[in-house]
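> only the shape, not the letters, is given here:
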């Protein structure tokens, strides 16, 4: 009976607003847009009209921020109609957006770059001072976050930050904190809900780890053993202990292909690490979308509608960003379609 009270009204609300999500026929039209301007015109016929009005101009950076605000606003609607344990869980979903803000601030601080003209909201869950980017060092940066869950993880990552002379250990610390908080919060929900969260969040952690592996290899040239140590825990298929064990042997890409051998991927050049990582990441992004659709359509008095909607709108924003990239670099419609997860 408690699950009925918790989810009945909220799920009805989510199922109503889900109807605004872009459909496959709409994506087909967007893929065929002649250029960036034509893409904006077509998107203005959808719920993204408000995004363009908020951005005010057609500047790419401002549009990125407008998309971020739109996505954040749609999650806040869910928060508004939730309560108790479910509300706490949804606030952990909102932490995802706050984490992105902190990672942007970390990069700006490290590069000693001025704040952009418009930054993401002053407060999502915690008040974070904009002048944090002027901090003299990491200790001063973390002190400004003293009242948030991010200060201690950043302090713990200081030695890696010093060793690698890069903010990526700090970004990983923020990601790890957010995923751990999300899983911990879901443990207070029903067994069914917790299991669903572990599965979908675990798949997303796999995607995130694949992305990190690509960055580690492409930009930082880390060894497989180092990569295994740094990966995020609690993945669905990329279990950290297994990766560490196989990575120590030196062939991380082969280890990944062994883990995903049941995926029946047709990889034309298994020796091409970038190709393998890209195909694995796209494959699991599609798996995550399918799982989100399944969760949304499942048992109505569960976390499924909330979690499914969360991932569907994140993928929609990702798809729109990919469409803008495809038009910017004049990709063919087929090349653009290959970038989407629909």
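Arrived safely. Predicted model, so just to flag it, every value in this text is computed and none were measured. Numbering: from 1, shown residues only.
> show me the domain layout of this structure.
Domain assignment for the chain, taken from automatic domain parsing, gives 1-81+303-336, 93-187, 190-291.
> mind putting the ones you listed into JSON lines with mean neighbour count?
Yep, even glycine has a C-beta here, placed from its N, CA and C like the rest. Output for the domains of the chain, formatted as JSON lines (neighbours: other CB atoms under 10 Å):
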{"stretch": "domain 1-81+303-336", "mean neighbour count": "16"}
{"stretch": "domain 93-187", "mean neighbour count": "17"}
{"stretch": "domain 190-291", "mean neighbour count": "17"}
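> kindly reformat these as TSV containing distance to residue 87.
Shown next, in TSV, are these (distance: least, CB to CB, whole Å):
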stretch	distance to residue 87
domain 1-81+303-336	6
domain 93-187	10
domain 190-291	14
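> looking at those domains, which has the lowest confidence?
Mean pLDDT is lowest for domain 190-291 out of these, coming in at a mean of 81.
> ends of it, what's the gap?
19 Å (CA to CA, to the nearest Å).
> got it, and stretch 257-277?
By CA to CA, one end of stretch 257-277 lies 9 Å from the other end.
> to residue 297, which of the domains of the chain lies closest?
domain 1-81+303-336 (7.7 Å; CB to CB).
> which residues of the stretch 201-342 of the chain fall in strands?
Taking DSSP state E, counting those that start in this stretch, the stretch 201-342 of the chain contains no strands at all.
> quick one, helices of it?
Per DSSP state H, counting those that start in this stretch, the stretch 201-342 of the chain carries helices over the ranges 224-230, 240-247, 252-259, 273-297, 304-328, 333-339.
> a markdown table for these, including distance to residue 76?
Shown next, in a markdown table, are the helices of the stretch 201-342 of the chain (distance: least, CB to CB, whole Å):
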| stretch | distance to residue 76 |
| --- | --- |
| helix 224-230 | 33 |
| helix 240-247 | 33 |
| helix 252-259 | 37 |
| helix 273-297 | 19 |
| helix 304-328 | 12 |
| helix 333-339 | 28 |
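> of all those helices, which one is nearest residue 81?
Here helix 304-328 is closest among those (CB to CB), at 10.0 Å.
> the closest one - contacts with which helices or strands?
Where contact means 3 or more CB pairs under 8 Å, 6 or more residues apart in numbering; DSSP states H and E, helix 304-328 is packed against helix 2-17, helix 24-31, helix 36-43, helix 60-80, helix 84-111, helix 191-215, helix 273-297, helix 333-339.
> identify the residues contacting residue 212.
By CB atoms under 8 Å, 6 or more residues apart in numbering, the residues touching residue 212 are 172, 227, 230, 231, 232.
> distance of the third one from residue 280?
Computed as CB to CB, to the nearest Å, the residue 230 to residue 280 distance reads 18 Å.
> the last one too?
Between residue 232 and residue 280 the computed distance is 15 Å (CB to CB).
> do the fourth one as well
When distances are taken as CB to CB, residue 231 and residue 280 turn out to be 14 Å apart.
> surely residue 281 and residue 208 touch.
No - counting by CB atoms under 8 Å, residue 208 is not a contact partner of residue 281; they are 9.4 Å apart.
> contacts only, for residue 50.
Contacts of residue 50 (CB under 8 Å, 6+ apart): residue 70.
> phi and psi next, for residue 127.
phi -80, psi 120 (degrees, to the nearest 10).
> that one and residue 76, how far apart?
From residue 127 to residue 76 the distance is 17 Å (CB to CB).
> check residue 164 too.
36 Å.
> hmm, back to that, specify which member of the contacts of residue 212 is nearest to residue 89.
For the contacts of residue 212, the nearest to residue 89 is residue 232 (19.5 Å; CB to CB).
> for that closest one, phi and psi?
phi -70, psi 140.
> if I look at it, how far off is residue 97?
18 Å.
> and the contacts of stretch 65-72?
48, 50-52, 54-55, 94, 97, 100, 116, 118-121, 124, 313-314, 317, 320-321.
> if we can go back for a sec, out of the domains of the chain, the one nearest residue 342 is which?
Comparing the domains of the chain by CB to CB, domain 1-81+303-336 comes nearest, at 5.4 Å.
> how far is that closest one from where the chain is centred?
14 Å (CA atoms, centre = their mean, to the nearest Å).
> show me what contacts the nearest residue to residue 286 once chain neighbours are set aside?
Among residues not flanking residue 286 along the chain, residue 341 sits closest, at 5.5 Å (CB to CB, 6 or more residues apart in numbering). Residues near residue 341 by CB under 8 Å, 6+ apart: 282, 285, 286, 288, 289, 315, 318, 319.
> so the second one is in contact with residue 207, correct?
Read it as residue 285. Yes - with contact defined as CB under 8 Å, residue 285 counts as touching residue 207 (5.9 Å).
> rewinding a little: just tell me which of the helices of the stretch 201-342 of the chain ends up closest to residue 34.
helix 304-328 (8.3 Å).
> tilt between that closest one and helix 36-43?
Orientation of helix 304-328 against helix 36-43 (axes from the mean of the first three to the mean of the last three CA atoms, to 10 degrees) gives an angle of 150 degrees.
> quick one: helix 304-328 to helix 84-111, angle?
Using the same axes, to 10 degrees: helix 304-328 against helix 84-111 is 30 degrees.
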